[in-house]
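Enquirer: Sharing a model prediction with you, sequence too.
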Amino acid sequence: MSNQKHFPTALLTQSTTEKLLYFDKYTMAHPRLEEAFNFLKLAVSNSSESRIIFIYGPTGVGKTTLRLLIEKWLVESNLPQLEIDPGCLPFASVEAVVQKSGIFNSKDHIKRCLFALNEPLIEHKIDYGTRGIYRNNSGQIVIEPKVIETDLGWALEQALKHRKPKIFFIDEAHHMLMVASGRKLTDLPEAIKSLANRTGVVHGLVGTYELLTLHDVGDQLSRRSVYLHFPRYHADIEQDREVFQSVVWGFQLRMPLQQEPDLVSHWDYCYERSLGCVGILKNWFQNALFDAINEGSDSVELKHLERRALSVAQCRNILKKIKEGENNQAQIDGQVQQLRAELGLPIKSALIDNDIKQVEIQPQQSNSTLRKVQSKVGQPLPKRRQVGT
């Protein structure tokens, strides 16, 4: 390992908080993230009638990082417009929250959307002369159960038209599927589609593979939707394995420690407990880094990783969900044969043997792709990739 530092050396004398903040803010660019980022930029820039974007993949794969990168890009690319019209927003984001009852509450969600749009004049959009809507002593909006959702929906529509975000992200969007009995699963997605059409605002629904439940719910929703699959890395695919090793090495280089850790030598253990998901991997490394710094260690060692790793039971539970989602994705992609047959087109022989490996987003073969690891494990040759610039 080289003695060269790949982080500001001043960090070595700074506080634990500063060191952890540096590592937390570091984004390890990699092929999966870069391809998803470039695709999403195009989808936001030229949506046409496709104003619903489903962004889905395993938990901890890096979907939140992708969203933050797009938000950063939108701010930077819309600075001239913001100077002319400071009332507009380059983006807005909200999380779909499940109530204590385990049910998604659409009224609560619309309120969160209004707050995300920073619309303080909500009282000018709803007639507060009607009992049931008011502000409490903390200035928070209180909506009693008897208030109909259409009033809130109208307020949200006006806020979107006024603020004009390029995209409205709904994170953890799979929570919207947890509806109460008596309501159709597609009610809220259809309402979002209608809202996007009326306002012209692209909506990005970010979530797990559970979002695939909505893939075939209706021709109108399907026609006006774009699907972005953000998969994990697979250890049984050589190129994926090499990229994952380079990701591990990239993270170890950016740990602000006196001695560079040798995490790549344990790449298979890193893969085992992260399941090939870069988001899980980084959170794990962050916790191990915290422990090492607190102990006064010069480096992150295997013991720190083992202490902070997900348990076998946790990994198996997460992997089970991931496998179910990947199988669903494979089935959707496998419908190409059926579509061609229904259209009277010949079925290509290359489509006969479809398996899970064929449905993953593969890194593009270009100058920006990481070079193959030709040296022994522990000495990969990653290339610093620019994402979000």
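Expert: Here it is on my side, so go on. Because the structure is a prediction, the values reported are computed rather than measured.
Enquirer: any idea where the helices of the stretch 201-350 of the chain begin and end?
Expert: Shown for the stretch 201-350 of the chain, the helices assigned by DSSP state H, counting those that start in this stretch span residues 219-223, 238-253, 267-274, 278-295, 302-308, 312-333, 335-342.
Enquirer: Can I get the ones you listed in JSON lines including mean neighbour count, mean pLDDT and distance to Gln14?
Expert: Quick note: C-beta positions are derived from backbone N, CA and C, even for glycine. Written out in JSON lines, the entries for the helices of the stretch 201-350 of the chain read as follows (neighbours: other Cβ atoms under 10 Å; pLDDT from 0 to 100; distance: least, Cβ to Cβ, whole Å):
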{"stretch": "helix 219-223", "mean neighbour count": "13", "mean pLDDT": "65", "distance to Gln14": "50"}
{"stretch": "helix 238-253", "mean neighbour count": "22", "mean pLDDT": "97", "distance to Gln14": "18"}
{"stretch": "helix 267-274", "mean neighbour count": "19", "mean pLDDT": "98", "distance to Gln14": "27"}
{"stretch": "helix 278-295", "mean neighbour count": "19", "mean pLDDT": "97", "distance to Gln14": "11"}
{"stretch": "helix 302-308", "mean neighbour count": "16", "mean pLDDT": "98", "distance to Gln14": "20"}
{"stretch": "helix 312-333", "mean neighbour count": "15", "mean pLDDT": "95", "distance to Gln14": "33"}
{"stretch": "helix 335-342", "mean neighbour count": "12", "mean pLDDT": "83", "distance to Gln14": "54"}
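Enquirer: closest one to Ser77 among those?
Expert: Minimum separation from Ser77 across the helices of the stretch 201-350 of the chain (Cβ to Cβ) falls at helix 278-295, 24.9 Å.
Enquirer: Output that closest one as CSV, nothing but the C-alphas.
Expert: Once non-C-alpha atoms are left out, helix 278-295 reads as follows in CSV (Å, rounded to 0.1, in the frame of the first residue of the first chain):
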residue,chain,number,x,y,z
VAL,A,278,-22.5,0.0,-2.3
GLY,A,279,-24.8,1.9,0.1
ILE,A,280,-24.7,-0.8,2.7
LEU,A,281,-21.0,-1.1,2.2
LYS,A,282,-20.3,2.6,2.8
ASN,A,283,-22.5,2.8,5.9
TRP,A,284,-20.7,-0.3,7.3
PHE,A,285,-17.3,1.3,6.6
GLN,A,286,-18.4,4.5,8.2
ASN,A,287,-19.3,2.7,11.4
ALA,A,288,-16.1,0.8,11.4
LEU,A,289,-14.1,4.0,10.9
PHE,A,290,-15.9,5.6,13.9
ASP,A,291,-14.9,2.7,16.1
ALA,A,292,-11.2,2.7,14.9
ILE,A,293,-10.9,6.5,15.5
ASN,A,294,-12.5,6.2,18.9
GLU,A,295,-10.1,3.5,19.9
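Enquirer: who does it touch, helix- and strand-wise?
Expert: Contacts defined by 3 or more Cβ pairs under 8 Å, 6 or more residues apart in numbering; DSSP states H and E place helix 278-295 against helix 16-25, helix 63-77, helix 238-253, helix 267-274, helix 302-308.
Enquirer: give me that answer again for 10 Å
Expert: Using 3 or more Cβ pairs under 10 Å, 6 or more residues apart in numbering; DSSP states H and E as the contact test, the elements touching helix 278-295 are helix 16-25, helix 31-45, helix 63-77, helix 238-253, helix 267-274, helix 302-308.
Enquirer: Just the residues contacting the shortest one, thanks.
Expert: Contact with helix 302-308 is made by 261-263, 265-266, 269-270, 273, 283-293, 295, 297, 300-301, as judged by Cβ atoms under 10 Å, 6 or more residues apart in numbering.
Enquirer: So Ala155 belongs to a helix, correct?
Expert: Yes. Note on Ala155: a helix contains this position according to DSSP: H, G, I helix; E, B strand; the rest coil.
Enquirer: quick one: it and Lys107 touch, right?
Expert: No. Under the contact definition of Cβ atoms under 10 Å, Ala155 does not touch Lys107, with a separation of 11.7 Å.
Enquirer: With neighbour numbers in mind, choose between the two.
Expert: Neighbour totals were compared for Ala155 and Lys107, and Ala155 leads with 24 against 16 (other Cβ atoms under 10 Å).
Enquirer: Please report the distance of that one from Leu117.
Expert: Distance check for Ala155 against Leu117: by Cβ to Cβ, to the nearest Å, it reads 10 Å.
Enquirer: now Glu260
Expert: Distance of Glu260 to Leu117, computed by Cβ to Cβ: 45 Å.
Enquirer: Return the residues in contact with Leu82.
Expert: For Leu82, counting by Cβ under 10 Å, 6+ apart, the contacting residues are Val75, Cys88, Leu89, Pro90.
Enquirer: hang on, the first one packs against Pro165?
Expert: In this case it means Val75. No. Taking Cβ under 10 Å as the contact criterion, Val75 and Pro165 are not neighbours in contact, 11.2 Å apart.
Enquirer: So for the two, which residues contact both of them?
Expert: Listed contacts common to Val75 and Pro165 are Leu89, Pro90, Phe91; contacts here mean Cβ under 10 Å, 6+ apart.
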